[in-house]
Structures are given as structure tokens and as C-alpha cells.
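K.L.:
please work out how this folds:
(chains A and B)
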Amino acid sequence: MMETLSLPAAILVFITGTIILVSWDWRISIGSLVVQYVGVFFLVALSWPMELATVKLIAGWMASAGLALAMRNTSAGISASDRLLISDILFRVIAAILTGLFAITGGSKIIELFPEISREQGYGAIVLIVLGLIHLGLTLKSSRVVIGLLTVLSGFGILYAAVESSILIAGLLAVITMSLSIVGAYLLNATTLEDTG
Amino acid sequence: MNSSYIWIFAPLVLSGILLLLRRWITIVAIIATTASVLLAVLAAWLPSQEQISLWRWVFPFSETFLVLGRRLVLSSTDRPAIIIIYLTAALWFGAVPLLRPSRLFVPLSMAIIALFTAAIAVEPFLFAALLIELAVLLSIPILAPPGRAPGRGILRYLTFQTLGMPFILIAGFLLAGLEISPGEPIYIAVAIASLAIGFALLLAVFPFHTWIPMLAEESHPYPAAFIFLLLPTGILLLGLNFLDTFTWLYENPNSELLLQVVGTVMVVTAGIWAATEKNIARMMGFAVLLDIGFSLLAISLLIRSENETYRILFFTGLVPRGLSLGVLALALSSLIGKIRSFDLDDVRGLAKIYPVNSIAIVVAIFCFAGLPLLAGFPIKLGVIEGVSGQSLAIAIWVILGAFGLLIGGIRASLAMVSDEEETLESLPVSRFLVIFLVIGVVLLFLIGLLPNLLMRIITGFPGAFTLLG
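P.N.:
Numbers count the residues shown, from 1 in each chain, chains lettered A, B, ... in the order given. All right, here's what the predicted structure looks like:
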């Protein structure tokens, strides 16, 4: 069952990662992040028991929800400065396509290093890590930085799930995912908060 | 009773309580200081045995705590580290009422301390990378306090530290595989590259160093210095654990070469930037980078010679670093609100109005640079001497790097004693703060004059240096 869904899941994370990279509307970005965690869940479930993989899904969704709430609090709408130029979008789409091609070639190399992981997991992990890094390189906004980091960590999570199935690791990674979202929410609202206790 | 309850879970619970009490910053600081001293005393006094007798009662005592199939072990060999961690925390919390950093500083720092203790205790040690990442995430609100827009430095700090963690975990997995069966060259290359990138990101190695000076400038100097002290120390100890665990890595001559090159690059680049820096807070950041470089050089010497001296040198070097950072942060923090910024142009004439603060700033920077008679000198001299035994060229570069920071310190002192264009307003400085600064400066000189005393105390800790032993 999971093996059948692994290729669609890898394609799904590529599509959602690309949407996050090119979208300027936080609603679309967070929505894509939510869907991305579904793909991550299916890819992780190839290595981990279903109940352990669910931890990743729930943590990801909670992180997305936390970020969405914070964004909703801070943004009254999408300002003109948030919008990307056509050339910018084109650049990002080309970067995403190149990432996809790199994943297809690099994925097989990853399998040589980590024989435990499947081809689809390799594709998914590379796509998320590289798209996340590109995203981090192209933004200075705290919300976008956190989304980029969550994307990179999701890719790493797929890779690491294949080689380590410790419950403690699953728990700590879930805590880190949610804490990252809380930090993102804090950074978004830090200016409006008061240090009064 | 379990050692993890005392030194990990109790401080975590306490941090939660302190968070609720954060409105009363003085009370919170007093509670945290007392608790930290108590935990350090307990680490020194509590016998390491299976049963502990307290008056008529006998409690079973364990050093191992099982959590989700993994272990947290705080054995007697970890006690010196626990004593140092909690004493440092106590000293840092003690001055909080005088400086008034963010109200979140003490509660969150308490939790960070507990996480670092857990990082020492966790087995397998690789999981320490995850606990350090959690500590990093907890440190964000104290570095970017409420009410202020977070700067670019905090985002870089968050990004680099978060990206470093996966590299360390992957490297750990690959190296564990290599321990069992030496693999193909590509496998070895990927393992070493992952490890190098991971530690470069975590330790702010060039070109990932920018967050340290940026954070030093953007944040309150006191919490920033606390993180600059704790984070690199924890990561360096994690690195030592790597070398200790993977003998293959320890015996590989490239490891020593890599550490030497990286250490030298850090010292030289930090020195050059410090020499041309125009902001004293940023200079503190470069001083920290220079000191991390020296620590890496000490580890490289330790690998090459397997000489006890360099191991002691590495651990002893943490004391002057902590002390200099403490004095520098204290002096800078007490000037907040009294001067416009820490730019050299804004500190003109400072020495005439705030002489103790000015002296403390200059002495602390000189101590980082390894000026003779100060606490940093014996450590730096030992490292330079060791490096010169291998390569005179590297030793000269390292001296030049330290000289760069010295120039930065001289420029700062010249600015502070120069005649100001507009007179700075003289505002009162707490007498306690002045006493703290004077004690700190005296200690910096005392350790510099009597380095053997410190080394004897450090080496006197039983089992303090089990790493690479």
C-alpha cells in the first residue's frame, strides 16, 4: 500500500515545495505546507511504523497551524512589497525544475550512501532539502525563513527516518518542528509584544 | 532518586515556575541564583553511590534515567562539568537585577542550562545535537526580546544552527557505519564533509560566522554573551565526543589538519575584522570567534600529540573565556541608556565619566587577545607554542590574528580616552556593579599572574577529562 503511494508522495512534495517557493500569499504557502506534510508522512511511513509516522504528520500540521495563526494576527493583507515579479517567479520555477532534475540524478547517489532508503524517499528528501535551502537563500522574512527551515527539516526527516527509528528521535524531531513554528510565530509578533510579564 | 531528576528535570520545572513569576525580575534572579548554587553544591557534595542516606532515611539513587528507549546518564565523571555549568549560571543570574535584561532571560536560560546538561547526559551522544537545537530555539526570545523587531542576525543564527543539526546526525550515522566496516572513499568523503559542514554551521566557522557579530550588535550584550559562552562550549564538547567515540576519525591525520586550518582561518579572519571594527559590541563577537579558533587549534594539538597538556589547555581555556565575556558583557550592559550606541564615535570621553566600565571593557578585550599578565595569555601562549612546533607559518598567522584583536582593543581604548565633541551625560552606575567589575578585572589579572593555580584546580576535578583520555 505504502509502496504504491510513495511515488505520488514524492511528486506531491515536489509540487508543494515549488508552490511554497513561488507563492507570496501566506495562505497558499501554509496550505502547501500542510499538504506537503501529507507527502512527508507517506514517505516516512515507508520506514517507520504508521503510528510513529503519524507523529510527524501531526507535528507538521500543528506547526503549520501555529504559523497560520501568527500570520493571521500580523498581516492585514498582502502588501505590494510581498508580491513577486514575473522574472522572480520565473527564476524560482526554473530553480525548482533544476532541483527536480537534480533529485532524479542525485537520488540514486543517495541510495548508494544509504541503502536503507527507497528511490522515492531519496527523491523526496533531496527535493525538500534543496528547495528549502533555495527558499532560505531568497528571503529575509522571519515567517519565510521558518517555512524554509521546516521544509529542509522535513527532507532530512525522510532521510533520517530510514536509518534511525528511535521513538526518542521521532519525539525530539516533532518537538523541534513545533518549537520552530512557535519561534516563527514569536518573531512575527515580537514587535507588538510587551516585556511586562 | 535519580541524578537526572536533580540536574535536568528539576531545573526544567523551575524554569517553568520562574516563567510564571517573571514579572518580579529580582525575585526570579535570586531564586535562580540560589537554585543554581544549590545544584552546583549538590554536584560537589552528593556521593555517587546506589543509596543515599539523609539523616534516618535511605534513598535509592541511580545515575541512569531511561527515556523512550534511550538513556540519560549523569555519572560521577560528569559532576565537574555540572558544577562548572551551574556555577556559571549562578554568576550570570546574580547580576541580572543590576542590568535588567529581558524578563524572559532568567527563566529561559534556566531551561537552556537544563537542556545542555541533558546533552551531556544523553546516550547515544549524537542525540545531543537535537537537545542543543532545542536550546537554540529557546534562546531566541532572550536574544530578540519582546517589543523589539528581530534583526537579521537572529534569523541567521536560527538558520545556521537549525541547518547544522541534520548534518551532525547524518555524519554520526555515516561514521558509525565506517566504524563497523571501512567503506569506499566516496562514503568516507561524504561522512567527513557532513561533519565538517555541520560543525562549521554550529561553531560559526567562516563563512558562517556572520551571525555572531550581528547578534552581538542587535541583542542586549548580557544574554548574547551568555549564549556565546554556552553554545560553542557545548558544541565543542560534542565535537570532542565525536573524536572520542569514532577512533577512526581520531586516528585520521586529515582530522588534525582540518581542525588546524579551520582554527587558523577563524583566528586570522576574526583578528582582521576586529582590527577594523567600529563597534565594541561587534568586537565582542569577533573576540568570541577568535577564542573558538584557539579552542579548535588546542583540539588539533591534542589529536596530534596526545599530550595531556593540550587537553588541560582546552578545558582551562573555558575559564578565561567565561570570565572575559562576563566582564565585557557586564560593562557594556551597564552602559545601555547612558550612551547612544557602542560605536567608537559614541564612546568618546567614556573613560572620564565611567572609568571602571572603560577599564573593564579594554581589559576583557585584551584578555581575549592573549595580552601578557591577563588570564587569556597562558592559554594562548600554550596553543601558539604547540602550533609553532608543527608549522612556524601557522603560528605567525595565529599571532597576527590575536594582534588584530589587540589593535581593536587599542582603538577602543583610544576612543574612550579621547576628548569628546559633545559631553556625555554622567548617570549613576550601581555600586554593586562597580564591585562586580572590579572583582572580574582583578580575577583576570590574578589568573594571568598565577595560571598554575587555575590549572591545578581544573586538573583537580576527578575524572574531569575523560574525553579523549
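K.L.:
okay, and B:I359 sits in which element?
P.N.:
Assigned by DSSP states H and E, B:I359 falls within helix B:355-369.
K.L.:
and the helix or strand following that helix with helix B:355-369, angle?
P.N.:
Using DSSP H and E, the next helix or strand after helix B:355-369 towards the C-terminus is helix B:376-388. Here the directions of helix B:376-388 and helix B:355-369 differ by 20 degrees (axes from the mean of the first three to the mean of the last three C-alpha atoms, to 10 degrees).
K.L.:
what is helix B:376-388 packed up against?
P.N.:
helix B:280-305, helix B:308-316, helix B:318-333, helix B:355-369, helix B:392-417, helix B:431-449 (3 or more C-beta pairs under 8 Å, 6 or more residues apart in numbering or on different chains; DSSP states H and E). The way it works is simple: take the backbone N, C-alpha and C, and place the C-beta from them, glycine included.
K.L.:
any idea of the mean pLDDT for that helix?
P.N.:
Averaged across helix B:376-388, pLDDT comes to 91.
K.L.:
mind listing what's buried along it?
P.N.:
B:376-380, B:382-384, B:386-387 (16 or more other C-beta atoms under 10 Å in any protein chain shown).
K.L.:
please compute how far it lies from its chain's middle.
P.N.:
Distance, stretch centre to chain centre, for helix B:376-388: 19 Å (C-alpha atoms, centre = their mean, to the nearest Å).
K.L.:
contact partners of it?
P.N.:
B:260, B:291, B:294, B:297-298, B:301, B:305, B:309-310, B:313, B:316-317, B:320-321, B:324, B:367-371, B:394-395, B:398-399, B:402, B:448, B:451 (C-beta atoms under 8 Å, 6 or more residues apart in numbering or on different chains).
K.L.:
correct me, but A:M2 touches A:L46?
P.N.:
Yes. In this structure, A:M2 is within contact of A:L46 by C-beta atoms under 8 Å, at 5.3 Å.
K.L.:
the residue sitting nearest the centre point of chain B: which element?
P.N.:
For chain B, the residue lying nearest the average C-alpha position, counting by C-alpha atoms, centre = their mean, turns out to be B:L229 (2.1 Å). Using DSSP H and E, B:L229 maps to helix B:221-245.
K.L.:
chain center to that helix: distance?
P.N.:
That offset, for helix B:221-245, works out to 5 Å (C-alpha atoms, centre = their mean).
K.L.:
okay, now the closest residue to B:P145 other than its chain neighbours: neighbour count?
P.N.:
When the adjacent residues along the chain are set aside, B:P145 lies closest to B:S102, with 3.5 Å between them (C-beta to C-beta, 6 or more residues apart in numbering or on different chains). Using other C-beta atoms under 10 Å in any protein chain shown, B:S102 has 23 neighbouring residues.
K.L.:
who's in contact with B:S102?
P.N.:
Counted by C-beta under 8 Å, 6+ apart, B:S102 has contacts A:195, B:141-142, B:145-146, B:220, B:223.
K.L.:
which residue in these has the weakest pLDDT?
P.N.:
The minimum pLDDT among those falls on A:D195, with 64.
K.L.:
quick one: which helix or strand includes B:T88?
P.N.:
Using DSSP H and E, B:T88 falls in helix B:79-94.
K.L.:
ok, then the element right after that helix?
P.N.:
Downstream of helix B:79-94 (by DSSP H and E), the next one is helix B:96-99.
K.L.:
helix or strand right after that following helix?
P.N.:
helix B:105-121.
K.L.:
rewinding a little: quick check, nearest of the contacts of B:S102 to B:S109?
P.N.:
B:I142 (6.6 Å; C-beta to C-beta).
K.L.:
is that closest one in contact with B:A111, as I believe?
P.N.:
No. Contact criterion C-beta under 8 Å: B:I142 and B:A111 do not qualify, at 10.3 Å.
K.L.:
if you count what's nearby, which of these two comes out ahead?
P.N.:
More crowded of B:I142 and B:A111, by other C-beta under 10 Å: B:I142, with 24 against 21.
K.L.:
the helix or strand where that one lies vs helix B:105-121, what angle?
P.N.:
B:I142 belongs to helix B:128-143 when assigned by DSSP H and E. If you take the same axes, to 10 degrees, helix B:128-143 sits at 170 degrees to helix B:105-121.
K.L.:
who does helix B:128-143 touch, helix- and strand-wise?
P.N.:
Looks like helix B:128-143 contacts helix A:167-189, helix B:105-121, helix B:152-180, helix B:221-245 (3+ C-beta pairs under 8 Å, 6+ apart).
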